[in-house]
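In: sequence plus the predicted model coming up.
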Amino acid sequence: QYGIMAPITHSIDHDTAVILGEELGIAVKWPEPEKSETEEAESQPEQQPQTPHNFVQRIISQEKESDLVERPPVVAVLGHVDHGKTTLLDRIRNTNVAEGEAGGITQRTGAYQVTVNGRKITFLDTPGHEAFTAMRARGAQVTDIVVLVVAADDGVMPQTREAISHARAAGVTIIVALNKIDKANANPQRVMEELAQEGLQPEEWGGDTIVVPVSALNNIGIDELLENILVVAEVEEYKANPKGRCVGTVIEAELDKHRGVTATLLVQNGTLKRGDTIVVDTTWGRIKAMFDFEGKPIKEAGPSTPVVILGLQELPKAGDIFERVKNDREAKRIVQERLLEREQAAQAPKRQMSLDELFARFEGGETKTLNLIVRADMQGTLEPIVKSLEDLSNDEITVKILQAAIGDISESDVMLAEASDAVIIGFSVGVDRAAQVRAEQSGVEIRHYDVIYKMIEDVEAAITGMLEPVY
Ligand code: GDP
């Protein structure tokens, strides 16, 4: 079955470079005789998506093994529209925002935590793969487990497939919540068959995908779902050092008329304390006040804890990485440096990533991978395209199809490409406007074809190019 892939790997050196503010415009170079050099240079990314999630992972990997302790898993909820993501998140949170019950509404802060059998689970409270991948496109890597909501009366739908590709591209574990089992026309057997076709073979059929039948509406199976999340967490052993370097990710942020910038942060390593000074991209601030997701003031927060903080000078973006620094002076110095670097980068002639550099990135025993996202007009063409592209893999280069779907190229395809350094291939399909705009901004390459052999020829040439760089 196509669309199956391993977690993406990035090299540490690249991450180091990223955090130093160095810009690596990595792109696979395609043979393109009809384009002039200037045009080609312009089509290169101005700024490649950052990958500071590796920065966080690197920080954790540098901690002493004996200092690492288990941390709560961080869970995102994905799935097709109307399959019950919001209802499930609300149910788990034990409120009913969807029903708008007066008094019961806690302000949504983008993440919350629940305690099950004395153990915590952190949920990202913005459902859907768009939000999930937008964060990844900014370089954040916060999710450990994806709960894929599939309605038992509707089955695997286009956005279910998209969600699966996005979760796979992120290399996270998928647990299926087979929702709406209360409905008379629910057909769990059929849905499990469909899931198996997508490569998610249910455990009870001998596969390794946990499928939990639930009704978010009627509160059936929710405890089992949560327990299964903890089972996965136990196996995977997510760890961090609460005493280590304090880093994490911005989950969301807004400007409040009275309070200034409020930001929800997910602490990923170390312990964040009120009064700490943090740097977030090119802004900084001293934490004036800190609250848990329920709005209760707190003094400190360890790994996997979402917190709402006040005190940042400017509005950060979701997916930005924060880091605690020694004091305000150091914060200002780092921000100054980054602003300066950014200014210089904007002025410097745009550097095109050479194949040489691409190779440098692949060094270190990692597999060389060409990530592709494929869109075609019909299922009948999609399958042979995917098959022939995958067949181009050789001993050294793997062609990995992150996603293969029918229909026009969408914005979420572009985000997936951004987050995974992929090239998009469209076969007799259009590009929707938002996707076009985003691709232009982010430098994601979209290649259009109407003839299969031409497409194969180009990809083959690109692969050969990767094998034998021409200077
Ligand atoms: P989302 O778009 O995936 O976030 O879906 P929502 O949570 O908004 O749910 C879509 C609709 O399905 C709403 O009318 C919900 O009340 C309904 N719904 C969600 N979960 C269940 C369930 O377990 N059983 C039934 N019968 N309806 C559900």
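Out: Thanks, I have the structure now.

In: buried ones in the strand or helix carrying residue 122?
Out: Element membership for residue 122 (DSSP states H and E) is strand 119-124. Buried residues in strand 119-124, counted by 16 or more other CB atoms under 10 Å: 119, 121, 122, 123, 124. For every residue, glycine as well, the C-beta is placed using N, CA and C.

In: how much space separates the spatially most central residue of the chain from the ligand?
Out: Central residue of the chain (CA atoms, centre = their mean): residue 136, 3.2 Å from the mean position. Using CB to the nearest ligand atom, to the nearest Å, residue 136 is found at 20 Å from the ligand.

In: that residue contacts residue 170, doesn't it?
Out: Yes - between residue 136 and residue 170 there is a contact at 5.9 Å, judged by CB atoms under 8 Å.

In: confidence score at residue 119?
Out: Per-residue pLDDT puts residue 119 at 93.

In: so what's it closest to, chain neighbours aside?
Out: Leaving aside its chain neighbours, residue 119 sits nearest to residue 230 (5.6 Å; criterion: CB to CB, 6 or more residues apart in numbering).

In: quick one: buried residues of the longest helix belonging to the chain?
Out: Ranked by residue count, the top helix of the chain under DSSP state H comes out as helix 328-347. For helix 328-347, the buried set under the neighbour-count rule, 16+ other CB under 10 Å, comprises 331, 334, 335, 338.

In: starting at the chain centroid, how far to the next helix or strand after the strand holding residue 122?
Out: Using DSSP H and E, the helix or strand that follows strand 119-124 in sequence is helix 129-137. Distance of helix 129-137 from its chain centroid, counting by CA atoms, centre = their mean, to the nearest Å, is 5 Å.

In: what does stretch 128-144 give?
Out: Worked out by CA atoms, centre = their mean, stretch 128-144 lies 3 Å from the chain centre.

In: endpoints of that stretch, how far apart?
Out: Stretch 128-144 stretches 15 Å from its first residue to its last (CA to CA, to the nearest Å).

In: contacts only, for residue 288.
Out: 274, 309, 310, 311 (CB atoms under 8 Å, 6 or more residues apart in numbering).

In: burial measure for the first one, as a count.
Out: Other residues within reach of residue 274, judged by other CB atoms under 10 Å, total 19.

In: do the same with the last one
Out: Here the number of neighbours of residue 311 (other CB under 10 Å) works out to 21.

In: the ligand versus that one, what's the distance?
Out: Note on residue 311: its distance to the ligand, by CB to the nearest ligand atom, is 33 Å.

In: now what about the helix or strand harbouring that residue, what contacts it?
Out: If you go by DSSP H and E, residue 311 is part of strand 306-312. Strand 306-312 is contacted by residues 109-113, 122, 251, 253, 259-267, 272, 278, 280, 283-293, 295, 298, 301 when judged by CB under 8 Å, 6+ apart.

In: next: stretch 319-336.
Out: 52-53, 55-56, 134-140, 245-250, 265, 270, 272, 276-286, 316.

In: okay, and which of those map to strands?
Out: Among these, the residues falling in strands (DSSP state E) are 247-250, 265, 272, 277-280, 283-286.

In: farthest-apart pair in those, please.
Out: Greatest spatial distance in the ones in strands among the contacts of stretch 319-336: 249 and 286, 19.3 Å, computed using CB to CB.

In: for those two, indicate the residue with more neighbours.
Out: residue 249 (28 against 17).

In: which residues does that one contact?
Out: Residue 249 touches 53, 56, 135, 140-142, 265-266, 268, 319-322, counting by CB under 8 Å, 6+ apart.

In: adding pLDDT, write those residues out as a markdown table.
Out: As requested, these are exported to a markdown table (pLDDT from 0 to 100):
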| residue | pLDDT |
| --- | --- |
| 53 | 42 |
| 56 | 87 |
| 135 | 86 |
| 140 | 83 |
| 141 | 87 |
| 142 | 93 |
| 265 | 97 |
| 266 | 97 |
| 268 | 97 |
| 319 | 90 |
| 320 | 92 |
| 321 | 92 |
| 322 | 96 |
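
In: dump those residues into CSV; add distance to residue 204 as well.
Out: Putting the contacts of residue 249 into CSV (distance: CB to CB, whole Å) gives the following:
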residue, distance to residue 204
53, 33
56, 36
135, 33
140, 34
141, 31
142, 30
265, 39
266, 33
268, 34
319, 37
320, 41
321, 40
322, 42
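
In: the strand holding residue 311 versus strand 119-124: what angle between them?
Out: 60 degrees (axes from the mean of the first three to the mean of the last three CA atoms, to 10 degrees).

In: change the start of the numbering to 174 and stick with it
Out: With 174 as the first residue, the last one maps to strand 479-485.

In: can you list the strands that strand 479-485 pairs with?
Out: strand 433-442 (antiparallel), strand 456-464 (antiparallel) (DSSP bridges).

In: most neighbours per residue, which of these?
Out: Among the strands paired with strand 479-485, strand 433-442 has the highest mean neighbour count (mean count of other CB atoms under 10 Å), at a mean of 24.

In: what residues does this protein put near the ligand?
Out: By CB under 6 Å from any ligand atom, the residues of the chain that approach the ligand are 252, 254-260, 300, 352-353, 355-356, 388-390.

In: would you mind listing which of those are buried?
Out: Buried members of these, scored by 16+ other CB under 10 Å, are 252, 256, 257, 258, 259, 260, 300, 352, 353, 355, 388, 389.

In: strands - which of those land there?
Out: Per DSSP E, the subset of these in strands is 252, 352.

In: which of the buried ones among the residues of the chain next to the ligand has the weakest pLDDT?
Out: Lowest pLDDT among those: residue 300, 92.

In: for residue 400, which non-adjacent residue is spatially closest?
Out: That would be residue 289: by CB to CB, 6+ apart, it lies 6.7 Å from residue 400.
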